[in-house]
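# Structural data only, the sequence is not supplied:
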């Protein structure tokens, strides 16, 4: 594979050509060309505090710009501006829909972070858990990313792939082809496929350029303003989230209070029903007392009947009448007593059941009433705060 590494200072950015998006690995991508070739550039020496961060499926590194990297910073910024302009101009042709500029700016994602200091976040390709990008040390030897220590400088050979269109993002895609660590690591294996051009590497990329100090100051001020805006926006979002959470909590407390009030009304209704049952219980007791009184009267009549029977033993007619009356009375009384005893037992069981249920209702009502008082107190304190 032939790779032409360009000096980024020689690239005329408006002459970069964007092709119509094609589907690559499930996403549409607009590939870019410059003079009919793929675009490969080499970064100056950029510092990374932690080196390469890797998980099972992803890897990246953050490279920080210093004051002597203004030219490269401007190049990357101009690439972003040109990308946004091309998305805006070609959206009708590519997607049959014109996108407003503010929408394009919101959707656009770049690896360049305009902070203080600015940084370039490079995503490193990973396949089957392994990094798919050769890493060299200062002696041009292949090394493992695990051998890299913190706070080192790096040179990256980058390929500008193009614009990757996702559902709610347009990503400016840069892929590292090779990475060079600017120190020597021992016990490594030489590799002949070293492509980074050492002639482009210098400690100060702008040593031969007349850098305007006002430009540096303007860049620093711009970064500070952007940081302040980001902080203010984050604080505003946090305040909005807090207000939404407080409102949601208040609504929940109100719903809980309404539910408890409804339950209390149900308990009160049950208590009223229990009072009605208690009244029925009193009526049943009165009925039982009346039945007992009637039984006592019948017993007294029986005693009188026996006395009359003893006094009238000599009268056969009276005896027959008395015996007949006694038999009829006994049969009727026995039947009535059986029925009344069954009714009494039934009422007693009903009374016991109602009494137990009434006690349970009273207990539940008192508990709910206490809980309701606590909820009212909590709601009052919440509203006051």
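Perfect, I can see it now. Keep in mind that this is a model prediction, so the values were computed, not measured. Residues are numbered from 1 along each chain as shown.
# use CA for all of it now, contacts and neighbours both
Noted.
# For residue 84, which residues are in contact?
104-105, 108 (Cα atoms under 8 Å, 6 or more residues apart in numbering).
# Now name the helix or strand holding it.
helix 70-95 (DSSP states H and E).
# Report the buried residues of that helix.
70-73, 75-77, 79-80, 82-84, 86-88, 90 (16 or more other Cα atoms under 10 Å).
# quick one: which of those residues is nearest residue 180?
Among those, residue 72 lies closest to residue 180 (Cα to Cα), at 17.5 Å.
# mind listing the helices for the stretch 101-250 of the chain?
101-107, 213-311 (DSSP state H, counting those that start in this stretch).
# So for residue 282, what's the pLDDT?
pLDDT, residue 282: 62.
# Renumber starting at 38 from here on
Sure, I'll start counting at 38 from here, so that last one is residue 319.
# on that earlier part again, least confident of the helices of the stretch 138-287 of the chain, on average?
Across these, the lowest-scoring stretch is helix 250-348, with a mean of 55.
# how far does stretch 199-211 stretch from start to finish?
Across its full length, stretch 199-211 reaches 8 Å between end residues, using Cα to Cα, to the nearest Å.
# typo on my end, stretch 161-169
7 Å.
# Equivalent analysis for stretch 157-173, please.
So stretch 157-173: terminal residues 20 Å apart, Cα to Cα.
# Let me see the domain layout of this protein.
What automatic domain parsing lists as the domains of the chain is 42-239, 290-421.
# and the nearest residue to residue 87 once chain neighbours are set aside, what is it in contact with?
Sequence neighbours aside, residue 187 is the residue nearest to residue 87 in space, at 4.9 Å (criterion: Cα to Cα, 6 or more residues apart in numbering). For residue 187, the contact set (Cα under 8 Å, 6+ apart) comprises 85-88.
# Repeat the analysis, applying 10 Å as the threshold.
84-89 (Cα atoms under 10 Å, 6 or more residues apart in numbering).
# where are the low-confidence patches of the chain?
Residue ranges of the chain with pLDDT under 70: 38, 223-231, 239-382, 417-422.
# Quickly run through the sheet partners of the strand ranked longest in it, with directions.
The longest strand of the chain (DSSP state E) is strand 189-202. When pairing is defined by DSSP bridges, strand 189-202 lines up against strand 64-70 (antiparallel), strand 76-79 (antiparallel), strand 83-85 (antiparallel), strand 207-218 (antiparallel).
# Using JSON lines, lay out those together with mean neighbour count and distance to residue 194.
JSON lines is the format used below for those (neighbours: other Cα atoms under 10 Å; distance: least, Cα to Cα, whole Å):
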{"stretch": "strand 64-70", "mean neighbour count": "18", "distance to residue 194": "17"}
{"stretch": "strand 76-79", "mean neighbour count": "22", "distance to residue 194": "5"}
{"stretch": "strand 83-85", "mean neighbour count": "20", "distance to residue 194": "12"}
{"stretch": "strand 207-218", "mean neighbour count": "21", "distance to residue 194": "5"}
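# got those as CSV, with distance to residue 193 columns?
Shown next, in CSV, are those (distance: least, Cα to Cα, whole Å):
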stretch, distance to residue 193
strand 64-70, 19
strand 76-79, 6
strand 83-85, 9
strand 207-218, 5
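# out of the ones you listed, which comes closest to residue 389?
strand 64-70 (76.3 Å).
# tilt between that closest one and helix 107-132?
120 degrees (axes from the mean of the first three to the mean of the last three Cα atoms, to 10 degrees).
# contact partners of strand 64-70?
52-61, 75-76, 124, 131, 197-204, 207-210.
# Of those, keep whichever come out buried.
Looks like the contacts of strand 64-70 have 53-55, 58, 75-76, 124, 197-202, 207-210 buried, using 16+ other Cα under 10 Å.
# re earlier: which of the contacts of residue 121 lies at the shortest distance from residue 214?
residue 145 (23.4 Å).
# Tell me the spacing between the residue lying closest to the closest one once chain neighbours are set aside and residue 63.
Using Cα to Cα, 6+ apart and skipping residues adjacent in sequence, the residue nearest residue 145 is residue 207, 4.8 Å away. Relative to residue 63, residue 207 is positioned 14 Å away (Cα to Cα).
# Same question for residue 56.
17 Å.
# Could you do residue 76 as well?
The span separating residue 76 from residue 63 equals 23 Å under the rule Cα to Cα.
# who are the neighbours in contact with the closest residue to residue 43 other than its chain neighbours?
Spatially, and ignoring its direct neighbours in sequence, residue 43 is nearest to residue 78 (5.2 Å; Cα to Cα, 6+ apart). Residues in contact with residue 78, defined by Cα under 10 Å, 6+ apart, are 41-46, 48, 193-197, 213-214, 233.
# partners of residue 101 in the sheet?
residue 84, residue 156.
# surely it meets residue 192?
No: using Cα atoms under 10 Å, residue 101 is not in contact with residue 192; the gap is 11.7 Å.
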